[in-house]
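[1] Quick one: sequence and predicted model below, then my questions.
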Amino acid sequence: MARAPRHPSARARARHGRTARSPVTGPHLPLAHTRRDLFETAVQSTADYLVDLWPDELATLRIDVTPMPDQPPGVRGVARWRVVPEQNLVVLFRIPIERMSRLHRDDDWHRRLMVESCVFRAVGELIGKDPWDLAPERFRHW
């Protein structure tokens, strides 16, 4: 009995019969970062900096990043963050911070400063301190 030639399933072969593909960036370049990755990296490094400065007040600090706030109807404006003091939690809303912030110069450095500013203001609200008092020496380089 002759058998019909067996074709590999769609799972067994790559697109259009080609073999597996390599990453777009190649072996010698870093992988491309998404806006979400850059945002979360800026939030994490800023939070680490603040925890180092205020270890007692921020020992149990939790920061979550979500895309959008779940605002009830009738609330004017769009929140950039939410603070939940009883859980020692700050929730940052990535899309409003990235898209609704009015930057005088739209580049990577100014976008990162906006993210850091939101983290400072939210953490300041959480522990009852002015954001400028959280790291007074940080901006005294003039």
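    Nice, I can see it.
[2] ok, now which ones touch residue 84?
    Residue 84 makes contact with 90-91, according to Cβ atoms under 8 Å, 6 or more residues apart in numbering. For every residue, glycine as well, the C-beta is placed using N, CA and C.
[3] Helices of this structure, residue ranges please.
    35-53, 94-99, 108-127, 131-134 (DSSP state H).
[4] Those helices: which one's closest to residue 88?
    Closest to residue 88 of those, according to Cβ to Cβ: helix 108-127, at 7.2 Å.
[5] and the angle for the closest one with helix 35-53?
    50 degrees (axes from the mean of the first three to the mean of the last three Cα atoms, to 10 degrees).
[6] What are the contacting residues of helix 108-127?
    Helix 108-127 is contacted by residues 38-39, 42-43, 46-47, 50, 54, 57-58, 61, 63, 80-81, 83, 85, 88, 90, 92, 97-98, 101, 103-104, 130-131, 133-135 when judged by Cβ under 8 Å, 6+ apart.
[7] cutoff 7 Å now
    39, 42-43, 46-47, 50, 57, 80-81, 83, 85, 90, 92, 97, 101, 103, 130-131, 134 (Cβ atoms under 7 Å, 6 or more residues apart in numbering).
[8] which residues does the spatially most central residue of the chain contact?
    Closest residue to the average C-alpha location of the chain: residue 40 at 2.5 Å, with Cα atoms, centre = their mean. Counting by Cβ under 7 Å, 6+ apart, residue 40 makes contact with residue 65.
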